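# Build me a structure from this.
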Amino acid sequence: MGLFNVFSKKKKEKLDQGLEKTKASVFSKLTKAVAGKSKVDEEVLDNLEEILVTSDVGVSTTLKIIERIEARVARDKYVSASELNRLLKEEIAALLAENESGVLLPFDFAPRPEPYVIMVVGVNGVGKTTTIGKLAHQFKSAGKKVVLGASDTFRAAAVDQLTIWSERAGVPIVSQGMGADPASVAFDTLKSAVAGNYEVVIIDTAGRLHNKIGLMNELTKIKMVMKKVVPEAPHEILLVLDASTGQNAIEQARQFTAATEVNALALTKLDGTAKGGVAIGISDQFKVPVKYIGIGEKIEDLQIFNKNEFVDSLFAE
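Numbering: from 1, shown residues only. Model (predicted):
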């Protein structure tokens, strides 16, 4: 089964550490919001709304959470302020559950007649290449045969960086160097994967082109070319976002979900920010599940997003 599917005590501790800044920010504000209050009233809800918005959950998602808690309070007639933490955990977990992923995890799929193809998108600087390297490592640890495709040929260092990560993860890479046609690289990668009976293909793509239309056209071209080799490719379009950028990450999600059919998210750098609430907002606003979270620099510091563990860590007293 490999390392990827085991939510061990060590992984839980790492998650707790990674969310410490967000937790400290949210929980300290939450404690002040209910100080001296015996029940959840309008003032507490107003304070809670402000806490969630300033934690980068986002306005629309915050209002949805507030409405759910108001409904719970009205139904249960009397809800003590001390119960607010529990209500938040339950409602946020329920919200995240509404956006469950249909994409596969490394241990989900049996031997396939064709490789499982992941196309990774995202702007430069969010940790896209690092995420690909960590993904490759974890897929390989789960017993899968993996190959990388260096289709980010727009940026000078992109191919070199991906090559370094392929060596760290111990998986092969298909590349043609800077300036090559990205779709051609993707085509060659899939041809190699099919010929070599690889189970997983991870394709890197450019984080920036000259304009938004250029980006859309490039991603569309890569997808169409890959379908010539594997008709259902890409099975997964993974958007990598930097959690520390907060609302900017939400804007990036808006642009990329408009440009291509993103069906999974990876949030990086959660350990370095108090803006972890962005995971809730992005998942809800775009109806795309957070699949992976990055909570450290090490190659194993990429975890499958477990909504219950995430919420437990965020609101643990």
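# which regions of the stretch 101-250 of the chain sit below the pLDDT cut-off?
For the stretch 101-250 of the chain, the stretches with pLDDT under 70 are 101-111, 209-212.
# a helix runs through Arg168, doesn't it?
Yes. Secondary structure of Arg168, determined by DSSP: H, G, I helix; E, B strand; the rest coil: located in a helix.
# would Leu267 count as being in a helix?
No. Secondary structure of Leu267 (three-state DSSP): strand, not part of a helix.
# Helices of the stretch 51-200 of the chain, residue ranges please.
Taking DSSP state H, counting those that start in this stretch, the helices of the stretch 51-200 of the chain run over residues 59-76, 84-97, 128-141, 158-169, 182-195.
# isn't Ala93 right up against Val311?
Yes. Counting by C-beta atoms under 8 Å, Ala93 touches Val311, with 4.8 Å between them. Placement of C-beta: from N, CA and C, glycine included.
# neighbour count winner among those two?
More neighbours surround Val311 than the other of Ala93 and Val311, with 21 against 16 (other C-beta atoms under 10 Å).
# so what's the more buried one up against?
The neighbourhood of Val311, defined by C-beta atoms under 8 Å, 6 or more residues apart in numbering, consists of 89, 92-93, 96.
# same question, Ile213
No contacts exist for Ile213 under C-beta under 8 Å, 6+ apart.
# element containing it, please.
helix 212-227 (DSSP states H and E).
# Near the residue lying closest to Gly207 once chain neighbours are set aside, how many other residues are there?
Excluding its sequence neighbours, the residue lying closest to Gly207 (C-beta to C-beta, 6 or more residues apart in numbering) is Asn124, at 3.9 Å. When neighbours are counted by other C-beta under 10 Å, Asn124 registers 14.
# before we move on, the earlier item: let's see if you can find the most crowded of the contacts of Val311.
Busiest of the contacts of Val311 [other C-beta under 10 Å] is Ile92, holding 24 neighbours.
# Run a quick check on that residue versus Ile65, I expect a contact.
Yes. Applying C-beta under 8 Å, one finds Ile92 in contact with Ile65, separated by 6.5 Å.
# Just send the contacts of Val311 back as CSV, with distance to His235 and pLDDT too.
Shown next, in CSV, are these (distance: C-beta to C-beta, whole Å; pLDDT from 0 to 100):
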residue, distance to His235, pLDDT
Lys89, 32, 86
Ile92, 29, 89
Ala93, 27, 88
Leu96, 22, 86
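# Pick the one among those residues closest to Asp46.
Taking C-beta to C-beta as the measure, Asp46 lies nearest Ile92 of the contacts of Val311, at 18.4 Å.
# Without its sequence neighbours, what residue ends up closest to that closest one?
Closest to Ile92 by C-beta to C-beta, 6+ apart is Val311, at 5.3 Å.
# Wasn't that neighbour part of a helix?
Yes. Secondary structure assignment places Val311 in a helix (three-state DSSP).
# any idea how far it is from Glu167?
37 Å (C-beta to C-beta, to the nearest Å).
# for Arg72, same thing?
52 Å.
# circling back: show me what contacts the residue nearest to Gly207?
Counted by C-beta under 8 Å, 6+ apart, Asn124 has contacts 155, 207-208.
# Now render the residues you listed as TSV, adding neighbour count and distance to Lys275.
Formatted as TSV, the contacts of Asn124 follow (neighbours: other C-beta atoms under 10 Å; distance: C-beta to C-beta, whole Å):
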residue	neighbour count	distance to Lys275
Arg155	15	26
Gly207	22	20
Arg208	14	23
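# which among the residues you listed gets closest to Glu20?
Of the contacts of Asn124, the one sitting nearest to Glu20 (C-beta to C-beta) turns out to be Gly207, at 28.7 Å.
# how close does Ile51 get to Leu87?
From Ile51 to Leu87 the distance is 14 Å (C-beta to C-beta).
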